[in-house]
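A.B. asks: Sequence plus the predicted model coming up.
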Amino acid sequence: MGNTKISILITLLSCMDLKGNPYTKASVLKIIQLLEKIHRIKVNRRWVFQCFSDLINAGLLTRRQRYVHQNDGTIRQLSSIVAFTLKGAKLLVSKRIDGAVLLLKKILAWAKGEDKRWPTKEDYIEQRIMEMDIQEARLLKAPI
């Protein structure tokens with residue numbers, strides 16, 4: 001793996017808010033600026049997209065595209081959400097990058113189910129039963 005790809009991984013990690021959401025919405029232009037400022041690497045936009053593609057295919061990153069629908073019916077693309085996979089976090093830890101251990105702990109906590117930011121199906125059912133009146137709840141719990 002080349003210096004540019006490792007530098008992109010480090011830059012993405014530095015753009016993340018590890019106390020809040022473990023992903024980044026940094027644009028490609030911002031990544032190019034940070035690469036030039038911090039790592040003294042000058043790259044074109046196309047090369048950053050190629051590196052993203054290689055990192056995603058290697059299983060180090062995930063990327064989710066985002067769109068917003070305008071009032072006039074047009075669709076506008078927003079910057080993608082980029083997150084590290086477990087494999088990517090382990091690579092950063094092996095390179096002894098600051099903050100990588102915290103990222104790895106957050107990913108493992110999410111995988112073990114200790115991350116309570118998203119409700120489970122059981123939580124939703126319990127909340128729905130509490131909102132129902134007594135008669136509806138009896139019907140829901142009654143055997144068929």
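C.D. replies: Looks like it came in fine. Since the model is a prediction, treat every value here as computed from it, not as a measurement.

A.B. asks: Could you use CA atoms for every contact and neighbour count after this?
C.D. replies: Fine.

A.B. asks: quick one: contacts of stretch 87-103?
C.D. replies: 9-10, 13, 18, 22, 59-61, 104 (CA atoms under 8 Å, 6 or more residues apart in numbering).

A.B. asks: filter these to the buried ones?
C.D. replies: Buried subset of the contacts of stretch 87-103 (neighbour count, 16 or more other CA atoms under 10 Å): 9-10, 13, 18, 22, 60-61, 104.

A.B. asks: For those, work out which two are farthest apart.
C.D. replies: Greatest spatial distance in those: Leu18 and Leu60, 17.3 Å, computed using CA to CA.

A.B. asks: still on that earlier bit, of the contacts of stretch 87-103, which one scores lowest on pLDDT?
C.D. replies: Within these, pLDDT reaches its minimum at Leu18, with 71.

A.B. asks: Which positions within stretch 14-31 qualify as buried?
C.D. replies: Buried residues in stretch 14-31 (16+ other CA under 10 Å): 14-16, 18, 22-26, 28, 31.

A.B. asks: Span of that stretch from start to end?
C.D. replies: End-to-end span of stretch 14-31 (CA to CA, to the nearest Å): 10 Å.

A.B. asks: about what we covered before: identify those among the buried ones among the contacts of stretch 87-103 that sit within strands.
C.D. replies: Using DSSP state E, the members of the buried ones among the contacts of stretch 87-103 that fall in strands are Leu61.

A.B. asks: Throw the buried ones among the contacts of stretch 87-103 into a markdown table and include distance to Ala111, thanks.
C.D. replies: A markdown table is the format used below for the buried ones among the contacts of stretch 87-103 (distance: CA to CA, whole Å):
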| residue | distance to Ala111 |
| --- | --- |
| Leu9 | 21 |
| Ile10 | 23 |
| Leu13 | 19 |
| Leu18 | 16 |
| Pro22 | 13 |
| Leu60 | 16 |
| Leu61 | 16 |
| Leu104 | 11 |
